[in-house]
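A.B. asks: Provide a 3D model corresponding to the input given below.
(2 chains)
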Amino acid sequence: MSTTPPTSAPTAAPSAPAPATVTLTIDGQTVTVPKGTTILEAAKTIGTKVPHYCYHPGLSSPAMCRLCLVEVEGAPKPQPGCVTTVADNQVVRTVSDKALGNRQGVLEFYLVNHPLDCPICDMSGECDLQNYVHAEGREHGRGVEPKRVFGRDDFGGDVLFYGDRCVMCTRCVRFMSEVEKDERLTVVERGNRSVIDTFFDEGLDGTHWSGNIVDICPVGALVSKAFLHKARAWDLEHTPSVCASCSQGCNVELHTRDNVVQRVKPRENLDVNGWWMCDYGRADYEWMNEGDRIEAPLVRQADGSSKAVAWKEALGGLLARAKELQGRPVKAVVSARASNEDLGALAELVGALGGGEIVYRSPRSAEEIVLQGFPTLARRKDLAPNVKGAELLGMHRVGADDATGGLDKVRAHDGIVVVLGDALADQDERFGASAALYVYVGTQLPVAARAAHVVLPVTTHAEQEGTFTNHAGRVQRFWPALTAPGMARPAWLVLGALVGELSGEAVPRTAADAYAALAEAVPAFGGLAYPKLGARGALPMISGAAVSSGAKGA
Amino acid sequence: MSGRSKGAPFKNPGWAGNTGEFDLSEAQVRGDDFVGERPKHGGHASGAGTLPYMLADKEPEARLFEGEYQQRFEKILTRYPTKRAALLPTLGLAQEIRGHVNPETMDRVAELLELSPAYVRGVTTFYTMYNKAPVGRYLVQVCTNISCNLCGADEVLATFLRYTDTELGETSEDGNFTVIEAECLAACGFPTCVQINSRYYENVTPADVQKIVEQLKKVGD
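C.D. replies: Modelled structure (predicted):
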C-alpha cells in the first residue's frame, strides 16, 4: 500500500493515462469536451442544436428517431449524434448537404401519417416537428396516400393522447419505465400500426408524475387536459418561479396570458428537480388566479364596519396605535407560503414592537412520494414551500397535520396579534377579538379577519419577487408573473416600512434589499445575495452543521 | 367425406398420399391425430399440394398453467436467466392452452413473470403469431410487406375478406376463417405470399383466392 503511490506517480505522468478530454471539430469549430460525451451534447456546447426526438438528457437513448444523424468524416454512413461518442480529431458536420438531405428525408417520412392539424393543436408554436419541418423540411409534401387514423385516447390523470400526431419517439414510454418506474405505457402493435397505449383501460390513474410525459412529448401527441385549447404557445409569457406546493422547491415556469396563470411547467435544475415535477404541483395554480382578493387597506371604524383607506392613512394609524402599545407582548401567526423576505420583515416587526412569539401552521402529508428514477426529487411531507425558512427564523410549528388548531393562545391574546398570509382558514370571526391591536396581513379576507383593526393587502408569491428556502436549506428566487390586484403590495415592503418607522432603520426598496437585510440579521441566510442565487438558487455559504443547529435552536 | 359430428375429433384430410418421393407413411408425416382421407385433387407429399392442417379446437376459457402446463411453465423458467426473458415462450404456452392470448391472459402472464401488464401487451401485439382473439379453423395470414405489397397484396387481402365474409382480424360466422395481415413471411420471391395455418400459398393473385377459399370450405364443412 505504501510502496505504490510514490513510485508509480512519476512514471505514470509521462506515459499519459487516458486523456480526460477529447478535441474534435464540429461544423468547422474546434470543441473540447470530456471523454464519453455524445456528439449531440458536444454540439450543444457551441450552440449547435442537432434536431432530435427520441433523445432526452434525462432518459436513455434508443437512437430510433433517426433525426440526429450527422456526417462524421471517415464513417461510411451518417452516425446518430445522440449515442455516438466523440473521438479525438473527429470531424463532424451537422449542416452539410448530406446531413441536411438526411433530415429532409426523415422529416418527410414523419409527415406521412401526421395529420398537420397545427391550427387546433395545443403544441403548435412549441412543437419540434413544426419547427424542424419549417426549418429544414420540404416545401411541399408529395404524399397522396390516405393517412392512417387513430383518433384520441384519454389516458387518465391530466393526459390526453392524440395518436395521429405521435412520432413514436417513445420518450413517454421510457419516462414511465425508467424515471417513474411504473411501466404503464408501451408501444402496441408494430410498423405502421404501432401506437402508444396503456394496458387496455388501465390508464395512468394512480401515477404521481405522469404530467411530465406531456412536457417531454416533442409533438402534440400527449397534451394536458387542464390546458386543452386554453392558450396558444406564442401568447404565453414565461416567468421563472418556484413551485409552492411542497417543500421540495421544484424550479418551475409560470406561463401566463392576460394576467392569468395558464399552466405550470418544470424548469431544469439538476440539483433540485432535474427536468421533472409532480402532478400535484403542476395542478396547483388556480389559487394564483383567484379574484376575491383584498385590494385596499381596510381600517375598522368605531361602529365596527371596515373602511378602505389609502396606504399612508392605514400605516399612519397603525403606527400611532403600535407606538402606544409598544412593549405589550406580540403573538404572530404566519403562513409557511410566505417568502423569506416577508417572514424576515415580520420577525423584525415583532422585534421592533418589543418581541413575542411567532408560530406557523402548515399542512403535512402522511408520506413522501419519491420519484424512483430521480430519488432526490420527491413530493415532500411539508406541503408549504417555506417551512424551512420559517424554522430558520425561529418560528415554530403549531397545530395538527391538516394545518388546523393550535392557535388557542393567540385567539385569547390581549396584546398585539399579527397574522401574515392566509393562515386562518379554520378560525371563526371571534379570532383576535380580545386583542388590543389585531393586524391582518393577507391576500384574501376570511371570517377570522373580521375582528382585525387593520387589514393590509399583500401579494402572492406569483405577484412579487422573493425567495423560498426548500427542505434542504437551498434558497431559491422567484419572479413576479402577475400584476397584483389593486393596492396590494409585497409583505416585505409593507412590514419593512413599519419596521423602518418604529426603529429608524432604512426601509428596503427592493426584494434584494430585503434579502440583504435578512442575510445580515440571520446567520442562516448569510453569505448569499440575489446575484449569487441566480435563477437556480444556492445553499447558504455556511456549514451544514450550522444550518441544522440553527434550525434546532429555533 | 364424413360430416363433422360434435364431440368426435375432426380428422384433417391434408395428406396427399405417398407420391413415391419419400419413404414415409401417412402417419409419420401427419401424425396419428391428423390422418384423414386423401383429397381427390392429389398433390405433393412434402407440402406443395397438400391442404393445411386445420387448427385444433381450443377451449378459449381454459384454465392457464395448471397440471401439466404448470410443470411446463416451470421448466420454461429454468431455461432463462431472468423471468422477463421467459416472456415469449410463456405467451406461446398460453396460446397453446387457449388458442389465443387475450387481455386476461396477458395480465396473468405479467403477474407470473413480474412484469407490467402494459409491457406484456406491447410484446404480444408486436408479434403477429400471437392471436389476440380466438381464431377460426383456418388462420389466413396475408403478407402485406414491401414485396408482396408492390405485387398487389392489398388486393389479395381484400379478396380474401370478401370470399370469407369477414372483417380484418375477425372470425367468419361458420368459424372457418380468420384473416389477418402479416409482416414479411420470408417469401419475397413469390409475392403475394399467404400463409394459411402452417402452409404457404405462393404467388397468390386475387383470381386464385376464390378457389383456395372454396377448397378449404369444402373440407371444413
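A.B. asks: use CA for all of it now, contacts and neighbours both
C.D. replies: Will do.
A.B. asks: the closest residue in space to B:Glu181 that isn't next to it in sequence - how many residues pack around it?
C.D. replies: Leaving aside its sequence neighbours, B:Glu181 sits nearest to B:Val142 (Cα to Cα, 6 or more residues apart in numbering or on different chains; 5.0 Å). A total of 28 residues lie near B:Val142 under the criterion other Cα atoms under 10 Å in any protein chain shown.
A.B. asks: now B:Gly189
C.D. replies: For B:Gly189, using other Cα under 10 Å, the count is 11.
A.B. asks: do A:Val179 as well
C.D. replies: 19.
A.B. asks: list phi and psi for it.
C.D. replies: Dihedral pair for A:Val179: phi -100, psi -60, per degrees, to the nearest 10.
A.B. asks: avg pLDDT for stretch A:446-453?
C.D. replies: Averaged across stretch A:446-453, pLDDT comes to 93.
A.B. asks: for the residue nearest to B:Glu181, grab phi and psi.
C.D. replies: Taking degrees, to the nearest 10 as the convention, B:Val142 sits at phi -100, psi 120.
A.B. asks: excluding covalently adjacent residues, which one is nearest to the residue in the stretch 351-500 of chain A that chain B sits nearest to?
C.D. replies: The minimum distance from the stretch 351-500 of chain A to chain B, using Cα to the nearest Cα, falls at A:Gln372 (15.9 Å). Leaving aside its chain neighbours, A:Gln372 sits nearest to A:Glu180 (5.7 Å; criterion: Cα to Cα, 6+ apart).
A.B. asks: end-to-end on stretch A:237-256?
C.D. replies: Taking Cα to Cα, to the nearest Å, stretch A:237-256 runs 5 Å from one end to the other.
A.B. asks: swap that for stretch B:131-138, sorry
C.D. replies: For stretch B:131-138, the first-to-last residue distance is 12 Å (Cα to Cα).
A.B. asks: same question for stretch A:424-437.
C.D. replies: Across stretch A:424-437, first to last residue, Cα to Cα, it's 17 Å.
A.B. asks: just the residues contacting the helix or strand where A:Leu456 lies, thanks.
C.D. replies: Per DSSP states H and E: A:Leu456 is located in strand A:454-457. Outside strand A:454-457, the residues that touch it by Cα atoms under 8 Å, 6 or more residues apart in numbering or on different chains are A:294-300, A:314, A:318, A:438-444, A:449, A:487-489.
A.B. asks: wait, B:Pro117 touches B:Ala110, no?
C.D. replies: Yes - using Cα atoms under 8 Å, B:Pro117 is in contact with B:Ala110, at 5.2 Å.
A.B. asks: quick one: the strands in chain B?
C.D. replies: With DSSP state E as the criterion, chain B has strands at B:138-143, B:177-182, B:194-196, B:199-201.
A.B. asks: so which of those strands is the most packed in?
C.D. replies: Using mean count of other Cα atoms under 10 Å in any protein chain shown, the stretch among those with the largest mean neighbour count is strand B:138-143, at a mean of 25.
A.B. asks: residue ranges in chain A under the pLDDT threshold?
C.D. replies: A:1-19, A:541-554 (pLDDT under 70).
A.B. asks: which residues touch the residue lying farthest from the centre of chain B?
C.D. replies: Centroid-distance maximum for chain B: B:Pro81 at 29.9 Å, with Cα atoms, centre = their mean. By Cα under 8 Å, 6+ apart, no residues touch B:Pro81.
A.B. asks: okay, the spatially most central residue of chain B: pLDDT?
C.D. replies: Centroid-nearest residue in chain B, with Cα atoms, centre = their mean: B:Asn197, separated by 3.6 Å. B:Asn197 carries a pLDDT score of 83 in this model.
A.B. asks: B:Gln195: what's it in contact with?
C.D. replies: Counting by Cα under 8 Å, 6+ apart, B:Gln195 makes contact with B:139-143, B:185, B:201.
A.B. asks: now those residues in TSV, with pLDDT and distance to A:Val499?
C.D. replies: Shown next, in TSV, are the contacts of B:Gln195 (pLDDT from 0 to 100; distance: Cα to Cα, whole Å):
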residue	pLDDT	distance to A:Val499
B:Leu139	92	86
B:Val140	94	86
B:Gln141	95	84
B:Val142	95	84
B:Cys143	94	83
B:Leu185	92	84
B:Tyr201	87	93
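A.B. asks: closest to chain A among those?
C.D. replies: B:Cys143 (13.3 Å).
A.B. asks: picking up where we left off before, who does the strand holding A:Leu456 pair with, and is each partner parallel or antiparallel?
C.D. replies: Sheet pairing here is set by DSSP bridges, and for strand A:454-457 it gives strand A:298-300 (antiparallel), strand A:437-442 (parallel).
A.B. asks: out of those, which gets nearest to A:Ala43?
C.D. replies: strand A:437-442 (49.3 Å; Cα to Cα).
A.B. asks: A:Trp234 belongs to a strand, doesn't it?
C.D. replies: No - A:Trp234: not assigned to a strand; according to DSSP: H, G, I helix; E, B strand; the rest coil it is helix.
A.B. asks: ok, it touching A:Gly125?
C.D. replies: Yes - using Cα under 8 Å, A:Trp234 and A:Gly125 qualify as a contacting pair, with a distance of 6.0 Å.
A.B. asks: give me the more crowded residue out of those two.
C.D. replies: Using other Cα under 10 Å, the more surrounded residue of A:Trp234 and A:Gly125 is A:Gly125, with 15 against 10.
A.B. asks: looking at B:Pro117 and B:Ala110, which is more packed in?
C.D. replies: B:Pro117 (26 against 22).
A.B. asks: what's the closest non-adjacent residue to B:Phe190?
C.D. replies: The shortest distance from B:Phe190 to any non-neighbouring residue, by Cα to Cα, 6+ apart, is to B:Asn203 (5.0 Å).
A.B. asks: I'd say that neighbour and B:Cys193 touch.
C.D. replies: Yes - assessed by Cα under 8 Å, B:Asn203 is found in contact with B:Cys193 at 6.0 Å.
A.B. asks: overlap of the contact sets of the two?
C.D. replies: By Cα under 8 Å, 6+ apart, no residue touches both B:Asn203 and B:Cys193.
A.B. asks: can you list contacts of the longest helix along chain B?
C.D. replies: Using DSSP state H, we find that the single longest helix of chain B is helix B:206-220. For helix B:206-220, contacts defined as Cα under 8 Å, 6+ apart pick out B:13, B:51, B:137, B:155-156, B:159-160, B:163-164, B:176.
A.B. asks: before we move on, back to that, the residue nearest to A:Gln372: how many residues sit nearby?
C.D. replies: 21.
A.B. asks: equivalent analysis for A:Gly442, please.
C.D. replies: As a burial measure, A:Gly442 scores 27 neighbours (other Cα under 10 Å).
A.B. asks: which strand residues bridge it?
C.D. replies: Note on A:Gly442: beta-bridge partners by DSSP bridges are A:Pro457.
A.B. asks: who are the contact partners of it?
C.D. replies: By Cα under 8 Å, 6+ apart, the residues touching A:Gly442 are A:294, A:419-422, A:455-459.
A.B. asks: just the buried subset of those, please.
C.D. replies: A:294, A:419-422, A:455-459 (16 or more other Cα atoms under 10 Å in any protein chain shown).
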